[in-house]
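Colleague: Kindly return the folded structure for what I paste below:
(3 chains)
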Amino acid sequence: MTLKADKLGKFLSDNIVTVIFLALTLVAIPFSRLSGTYILSNLIDRFARSSFLVFALILPIMAGMGINFAMVLGATAGQIGLIFAIDNNIMGVQGLVYASLLGMPISILLGWFCGQILNRARGREMVTGFILGFFMDGVYQFFGLYVMGWLIPIKTGQVAQIDGGGVRNTLGLESVRGGLDKIISLKIGPFAFPIVTFAVIALLCVFIIWFRKTKLGQDMRAIGQEQGVSHSAGINVDRTRILAIVISTLLACLGQIIYLQNMGNMFTYTSQRQAGYFAAAAILVGGATVTRATIKNVFIGVFLVHSLYITMPLAGKELFDSAMIGQYMSDFINFGIISLALVLHAWRNRRNADLARAGLRGGAALAAAGGDK
Amino acid sequence: MNRIKAFITDFGWPRIIIALFLLGLFISAPIVGVKLGPSFTDVFNRFGQNAIMVLALVPMVQAGCGLNFGLPLGILAGLLGSTLAMQLGFVGAPGFIVAILITIPFGLLFGLGYGKLLNKVKGEEMTIAMYVGFSAVMLFSILWLVLPYTKADLVMGYAGEGLRRSISLEKYWAKLLNDFLAVRIGDFVFPTGLMLFVGLCVLFIFVFMRTRTGTALTAVGSNPDYARASGVSVERMRTVSTVVSTVLGGVGILVYQQSFGFVQVYDAPLYMAFPAVSALLIGGASVTKASMVNVVIGTFLFQGMLTMTPSVINSVLKTDMSEVIRIIVSNGMIIYALTRKTKVTK
Amino acid sequence: MTKRSMIVRGALLALYIAVGIWAYSTGKGYKIFVDNTDPAVAGAITVAIDGATPVKVRLGGYTGIMVKGTGSHRIKIMREGAPDFIGEFRFPPESTAAALAVSGIRPGSEIVVTPVDPETRDR
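Modeller: Residues are numbered from 1 along each chain as shown, chains lettered A, B, ... in the order given. Coordinates of the predicted model:
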């Protein structure tokens, strides 16, 4: 085998998840019969919509806590902020600022709570975070359906449910729709660029790059490598892990507000869960693993996942004569790609561990281990 | 006094609170005008309806694979079993038996693949199991649409192809076990057949866990290094536990369907692992240890709570808060179990 | 806690409250009912306030439109077969809803806006 082919092979095996996803997208695009212009202008819009949300996952990965499925807690906080912004009739970008100001303290509180829980569930942070998201759904429903309208009066008819009990299931966000995107919208040909939203995302990138270099960022990376050593080196492991989750939750709160102002309506009790599923799929498709994630992974992932979301339902309709199949196919690929990424990562980890152990035992043991397989 | 304290620590506060809550519901039910007879009937029906899926989790917990969030794989085998038996035109008791007979090989197949996969990913089983379950449910959603089912009461009316969202078992084997030898005392009906079937399954697992394979399986879960040293193949035992769990999950959904009266396909099985897991944990199991007693107590407490809260709370508060209580209690219980420091940790 | 971090925290809190007040006061939405009950003119009109999506108001009817903040707003009234009218109006402070009668608009003079009770007009 030549060196070049070897390199290509290594690249493929290192980025297999991204490559598979890219291949699926490339197959789906022609079958969807959508024009390049349509796909591209949609991608620009969706990129502004959801990349902020995906950034929320970077810090916990850095701190060795895996995919923070509990980011839905932050998304929930953002939605609570938006409910109050709509109910108080605060419009445009001010409404979004108002929602963020309300959502941020809630998300910090929830993030702190979540960090405490995850510190007690070392080694199974991901599954605990996932269940924590479900748990929060219950608390949030209690708040939205029973506390709102009972302890906290609802002022506006369009927020209250028809029969008067709590916040309605679908909330129109017309008054804050495009609050961020439409401040400056640059039109180039058929494409509209929401400049302010892009600026916010760029600012977040700068923040992440800067944060990696701070003392706290360095500590997080150290903990991600090896908790025991970090502890002996004098790093407060528990506190640093909690901070990683708090910042993640806070970013998820802001990200969800940005996401929803672009969408223009909100499924009060399910939108947050979609945010979690989407963000996890996006960052893994972008080539991140459970232990390593970069800004590049976020961007690649958001582009690829959305390309598939745009084209798959139509491609399904074209190929199987059923839009339902396309929808199920999207969901399957979404869940499947997360499974694949997690499996590959765990499998590689285990193989490396096995190799290291075999290396310790010496060559004879290595041969034996090979035969055992 | 110390013995009471030890009992409380052993049993765990959450369980005691839930048990007291359920007791409170039963006591207050007649006061707020809810009839106890039908309530108890419901509790027993739902206990039997869910118990086998809870039981299905036990082998994997014992083998150290953690909580089987991948239970939907077994459920899918069960869905294949019942829909194929219906398609082939079997009704009544033979239909139910054929459904089980079809379910078992599919369960073996899925369980084998799933077990092999989990062996490759030790340490991350629960997250991966959950997502593998989700993926499988979505994959089968596509299959339900494209598989060539033809029977009129199975497929969607207007298109003539693709399974219906929920298929009635009325003309097949609805309530088959529930009504078998049912004993009626006033307005309370004891579902004898259902209880017998559940008892049989519990007995089967009870005996299985005491066979050589069963003890080896428990050894693998409690001390893998020791098990390996004494010549037990860890991988094989883990695969065995996964297969048993998956097959039993398939049988569990069949029992669930006959009591519920409908076969639900598409994304219905997506979250079905979670109530089963909660029930097992409420019963006193931990992530690494579970017994038959945990299954019975847990299913009874959890299903009892689910049955009683809507009727009692609704008649008191005039709102249906049971859904919120269910979500908080069941997921709270899972978090409690995941965060508890177990005595035997790696 | 050092004196410096106290000052920083105090400043942050002040900023938080200030931004909140700004968002609440300038972003608050108010409802303006545009009445089209001009007996002299036949036909529907189309109204756009502050450059928002134009809304149709049928003859003899009215439409409620949300505007952001009290203070002055630009209104553009479009009518078939007549030149567009562009003018400004001030939303009456201290009220949550107001009505604007298109028939009351006279070129050159200020547009009359009267406070109303939103409950009685809201459908």
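Colleague: quick one: the closest residue in space to A:Ser185 that isn't next to it in sequence and A:Ile184, what's the gap?
Modeller: Leaving aside its chain neighbours, A:Ser185 sits nearest to A:Ala192 (5.2 Å; criterion: Cβ to Cβ, 6 or more residues apart in numbering or on different chains). Every C-beta, even on glycine, is put in place using the N, C-alpha and C of the backbone. From A:Ala192 over to A:Ile184 the distance is 11 Å, taken as Cβ to Cβ, to the nearest Å.
Colleague: End to end on stretch A:265-273, go ahead and measure it.
Modeller: One end of stretch A:265-273 sits 15 Å from the other (Cα to Cα, to the nearest Å).
Colleague: Ignore what I typed, I meant stretch B:314-330.
Modeller: 20 Å.
Colleague: Ramachandran angles for A:Leu254?
Modeller: When read as degrees, to the nearest 10, the backbone of A:Leu254 gives phi -60, psi -40.
Colleague: Just want to know which of A:Ala192 and A:Ile184 has more residues nearby.
Modeller: The neighbour count for A:Ala192 versus A:Ile184, taken as other Cβ atoms under 10 Å in any protein chain shown, is higher for A:Ala192 (16 against 13).
Colleague: What about the closest residue to chain B within the stretch 151-300 of chain A, how many residues nearby?
Modeller: Proximity of the stretch 151-300 of chain A to chain B (Cβ to the nearest Cβ) peaks at A:Gly165, 6.5 Å away. A total of 17 residues lie near A:Gly165 under the criterion other Cβ under 10 Å.
Colleague: Ok, B:Thr213 next?
Modeller: Counted with other Cβ under 10 Å, residues neighbouring B:Thr213 total 17.
Colleague: ok, now C:Lys56?
Modeller: Residues near C:Lys56, counting by other Cβ under 10 Å: 12.
Colleague: The helix or strand hosting it pairs with which strands, parallel or anti?
Modeller: In this assignment (DSSP states H and E), C:Lys56 forms part of strand C:55-57. Here strand C:55-57 has these sheet partners by DSSP bridges: strand C:45-49 (antiparallel).
Colleague: Pull the strand it pairs with out as CSV, backbone CA atoms only.
Modeller: What follows is strand C:45-49, C-alpha atoms only, in CSV (Å, rounded to 0.1, in the frame of the first residue of the first chain):
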residue,chain,number,x,y,z
ILE,C,45,-56.9,50.8,2.6
THR,C,46,-53.6,49.2,3.3
VAL,C,47,-51.6,50.4,6.3
ALA,C,48,-48.0,49.9,7.2
ILE,C,49,-46.6,51.2,10.5
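Colleague: For it, report the contacting residues that lie outside it.
Modeller: Residues outside strand C:45-49 that contact it (Cβ atoms under 8 Å, 6 or more residues apart in numbering or on different chains) are C:32, C:34, C:36, C:54-57, C:63, C:65, C:67, C:73-79, C:102.
Colleague: switch the cut-off to 7 Å
Modeller: C:32, C:34, C:36, C:54-57, C:65, C:67, C:73-79, C:102 (Cβ atoms under 7 Å, 6 or more residues apart in numbering or on different chains).
Colleague: do the same with stretch B:164-172
Modeller: Under Cβ under 7 Å, 6+ apart, the answer for stretch B:164-172 is B:86, B:91, B:95, B:153-156, B:257-258, B:261-266.
Colleague: Return the closest of those residues with respect to chain C.
Modeller: Proximity of the contacts of stretch B:164-172 to chain C (Cβ to the nearest Cβ) peaks at B:Tyr266, which lies at 38.6 Å.
Colleague: Not counting residues beside it along the chain, what's closest to the closest one?
Modeller: Ranked by Cβ to Cβ, 6+ apart and with sequence neighbours excluded, the top spatial neighbour of B:Tyr266 is B:Ser141, at 4.8 Å.
Colleague: State the distance from that neighbour to B:Gln87.
Modeller: Counting by Cβ to Cβ - B:Ser141 and B:Gln87 are separated by 18 Å.
Colleague: Kindly export stretch B:71-86 (C-alpha atoms) in PDB.
Modeller: Provided in PDB are the C-alpha atoms of stretch B:71-86 (Å, rounded to 0.1, in the frame of the first residue of the first chain):
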ATOM      1  CA  LEU B  71     -35.600  -2.400  25.700                       C
ATOM      2  CA  PRO B  72     -37.300  -1.100  22.500                       C
ATOM      3  CA  LEU B  73     -35.300  -3.700  20.500                       C
ATOM      4  CA  GLY B  74     -37.200  -6.500  22.400                       C
ATOM      5  CA  ILE B  75     -40.400  -4.500  22.000                       C
ATOM      6  CA  LEU B  76     -39.900  -4.400  18.200                       C
ATOM      7  CA  ALA B  77     -39.500  -8.200  18.100                       C
ATOM      8  CA  GLY B  78     -42.800  -8.400  19.900                       C
ATOM      9  CA  LEU B  79     -44.400  -6.000  17.400                       C
ATOM     10  CA  LEU B  80     -43.200  -8.200  14.600                       C
ATOM     11  CA  GLY B  81     -44.600 -11.200  16.400                       C
ATOM     12  CA  SER B  82     -48.100  -9.900  16.900                       C
ATOM     13  CA  THR B  83     -48.400  -8.200  13.500                       C
ATOM     14  CA  LEU B  84     -47.200 -11.200  11.600                       C
ATOM     15  CA  ALA B  85     -49.500 -13.600  13.600                       C
ATOM     16  CA  MET B  86     -52.400 -11.300  12.800                       C
END
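Colleague: quick one: is it near chain A?
Modeller: No: contact of stretch B:71-86 with chain A (Cβ under 7 Å from any Cβ of the partner chain) is absent, the minimum separation being 10.9 Å.
Colleague: For the spatially most central residue of chain C, give the beta-bridge partners.
Modeller: With distances taken as Cα atoms, centre = their mean, C:Val67 lies nearest the centre of chain C, 3.3 Å away. C:Val67 forms beta bridges with C:Tyr30, as assigned by DSSP bridges.
Colleague: residue contacts, it?
Modeller: C:29-30, C:32, C:49-50, C:73, C:91.
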